[in-house]
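K.L.:
Sequence and predicted structure, then a few things I'm wondering about:
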Amino acid sequence: MKVYISATLRTFFDKTAQTEIEGKTVGEILKGLTDEYPESKKGLYDDDGKLRSFIRIFVNDEDFTDVSRHKEKLSENSEVLLLPLIAGGKPSDSIISDERQKEISIDEKGIERFNKHLMLREISVKGQKRIKAAKVVVIGAGALGSAAIQYLAAAGVGTIKVIDHDKVELGNLQSQVIHGARDVNRPKVASARDTIRNIDRSIEVIDENQQLTAENAIDLIDGFDLVLDCTDNYKARYLINDACILAGIPLVFASIYQYEGLVSVFNYKGGPCLRCLFPAPPSPGLVPTCTEGGSISPLGGIIGSIQANEALKLIIGIGEHLDGKLLTFDSLNLKSRVVNIDKDCDCPICGLNKTITEIVDFDYEDFCGLKEDETEIPVEGFTADEFAKRLEEEVPMTIIDVREPHERAILRFPGAVVIPIGQLARRQKELNPDIDTVFICKEGKRSILAINTLREAGYEGPLYNLKGGIEGMKDIIFSHEAGLL
Ligand SMILES: [Zn+2]
């Protein structure tokens, strides 16, 4: 019978990982093992001849550690596994049931295609069948999704649903490697689907070219085994977290920003969720999003691949998962950490007294600060054309640029004064309350925050926002600059 020996026990077995031992019961096999590897007696048994308590014996994934089972006759071709408890206890459960795994068959082509998985004893045929039986939803076909989707497809996940409502833009190609130059202006889900089919035509691909909302989220993920959050905004992240908890589906979370990434597994066997970790998102404009802050090209690939790896571990039922843990990775110094995260008893969705029981009742816009506060004085602003006209007519005004230094490096706004939002209140004396002050940022959102910050600080002069930000002004700035030369 085949006997597998876990890595930490191999010192007692001449570093053997796998051996063939004659025997019909666990007792006979243990005897055979100690006969063949006399050193192993010391490792397996204590001074009283009892099996050491940190060792567990599995036969075909069933626990045979208890001595009462050592005389049970084993079926032919059984596989025996010796596992020390310190290495992580019994093999972790797969999120795919045995029944579903058994319904799957792998043909000769599959054996060839997945040969490198079949060689790994922790995966082997059973694991590969679990992968094929698995139904996974990936939300977001951007940088993270590009890597995660392609690896899930290559690994043999049988059903993949991709949800995204964006179209491919030229600027996406720097990191979103699932799309190519020919896909620009096509829906992201369409090119993601094509790429998956190109990897393996037998995969069932479901492409949802729509935005995830509180109304459709549960329906879109219902019946799936696992969800991967590959999105880039807080509203979607909390919505996905909540939908997964209410639908009872584990969630592999990942996020990237500039050079850093985070990965975690939420809602796995009652473990913590996103709200336990971060009860609320930062208010809009406080920190730039990935779109505003940028990210280094391979980062989505690194973090998205870890995400796919976590997904496969959950599906196969191997290894230690990131549930109750958060992985942080810094690509600049290559430092990665795994920190423990606790479940929050007061969590509104997974705690003891849940206040969110229906996601349609929860206002995600308001929670993420995206709603316009009706009690606030509305911010007045100029459109790109109106603003260009004022520039042309040389209307006296102070232009304040609140963008980050790297954003200004890409596109400088001529004649603008640079004041970071954090310094506005302190530096308000630099503004002239007798003339208009116009705030500019990339998309016109952080500039609203800047205006509100100044108002709160008691500034009384006229304040305006450049609607839609500097993005809508590119051509005008270039011609303006040309005129200055
Ligand atoms: Zn929670």
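P.N.:
Structure received. Treat the numbers as computed from the prediction; the structure is a model and nothing was measured.
K.L.:
Name the nearest residue to Gly140, sequence neighbours excluded.
P.N.:
Cys230 (3.6 Å; Cβ to Cβ, 6 or more residues apart in numbering). Where you see a C-beta, it was placed from the backbone N, CA and C, and this is true even at glycine.
K.L.:
and the gap between the one you found and Lys161?
P.N.:
With distances taken as Cβ to Cβ, to the nearest Å, Cys230 is found 12 Å from Lys161.
K.L.:
out of these two, which sits in the more crowded spot?
P.N.:
Shown here are Cys230 and Lys161; by other Cβ atoms under 10 Å, Cys230 has more neighbours (31 against 20).
K.L.:
give the contact list for that one.
P.N.:
By Cβ atoms under 8 Å, 6 or more residues apart in numbering, the residues touching Cys230 are 138-145, 148, 254, 304, 307.
K.L.:
Make JSON lines from the residues you listed and add pLDDT, neighbour count and distance to Pro420 to it.
P.N.:
Shown next, in JSON lines, are the contacts of Cys230 (pLDDT from 0 to 100; neighbours: other Cβ atoms under 10 Å; distance: Cβ to Cβ, whole Å):
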{"residue": "Val138", "pLDDT": "98", "neighbour count": "31", "distance to Pro420": "36"}
{"residue": "Ile139", "pLDDT": "98", "neighbour count": "26", "distance to Pro420": "33"}
{"residue": "Gly140", "pLDDT": "97", "neighbour count": "29", "distance to Pro420": "30"}
{"residue": "Ala141", "pLDDT": "98", "neighbour count": "29", "distance to Pro420": "34"}
{"residue": "Gly142", "pLDDT": "97", "neighbour count": "23", "distance to Pro420": "28"}
{"residue": "Ala143", "pLDDT": "97", "neighbour count": "27", "distance to Pro420": "27"}
{"residue": "Leu144", "pLDDT": "97", "neighbour count": "35", "distance to Pro420": "29"}
{"residue": "Gly145", "pLDDT": "98", "neighbour count": "30", "distance to Pro420": "32"}
{"residue": "Ala148", "pLDDT": "98", "neighbour count": "33", "distance to Pro420": "35"}
{"residue": "Ala254", "pLDDT": "96", "neighbour count": "29", "distance to Pro420": "29"}
{"residue": "Gly304", "pLDDT": "98", "neighbour count": "32", "distance to Pro420": "32"}
{"residue": "Gln307", "pLDDT": "98", "neighbour count": "31", "distance to Pro420": "33"}
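K.L.:
which of the residues you listed lies closest to the ion?
P.N.:
Ala254 (17.7 Å; Cβ to the ion).
K.L.:
Those residues of the protein touching the ion, which are they?
P.N.:
273, 275-276, 347, 350 (Cβ under 5 Å from the ion).
K.L.:
Could you dump these into JSON lines with secondary structure, pLDDT and distance to Glu39 added?
P.N.:
Formatted as JSON lines, those follow (DSSP: H, G, I helix; E, B strand; the rest coil; pLDDT from 0 to 100; distance: Cβ to Cβ, whole Å):
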{"residue": "Cys273", "secondary structure": "coil", "pLDDT": "95", "distance to Glu39": "47"}
{"residue": "Arg275", "secondary structure": "helix", "pLDDT": "93", "distance to Glu39": "51"}
{"residue": "Cys276", "secondary structure": "helix", "pLDDT": "92", "distance to Glu39": "46"}
{"residue": "Cys347", "secondary structure": "coil", "pLDDT": "94", "distance to Glu39": "50"}
{"residue": "Cys350", "secondary structure": "coil", "pLDDT": "93", "distance to Glu39": "48"}
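K.L.:
in stretch 449-466, what's buried?
P.N.:
449-454, 459, 463-466 (16 or more other Cβ atoms under 10 Å).
K.L.:
Could you list which of those residues belong to helices?
P.N.:
Among the buried residues of stretch 449-466, the residues falling in helices (DSSP state H) are 449-454.
K.L.:
For the helix or strand where Arg130 lies, name the packing helices and strands.
P.N.:
Here Arg130 is covered by helix 124-133, with elements defined by DSSP states H and E. With contacts defined as 3 or more Cβ pairs under 8 Å, 6 or more residues apart in numbering; DSSP states H and E, helix 124-133 has these neighbours: helix 98-103, helix 115-118, helix 299-316.
K.L.:
what's the angle between the last one and helix 124-133?
P.N.:
Relative orientation of helix 299-316 and helix 124-133, computed by axes from the mean of the first three to the mean of the last three Cα atoms, to 10 degrees: 110 degrees.
K.L.:
Partner strands of the helix or strand just after helix 299-316 and their direction?
P.N.:
With elements assigned by DSSP H and E, the helix or strand that comes after helix 299-316 is strand 325-330. Applying DSSP bridges, strand 325-330 is found paired with strand 260-266 (antiparallel), strand 335-340 (antiparallel).
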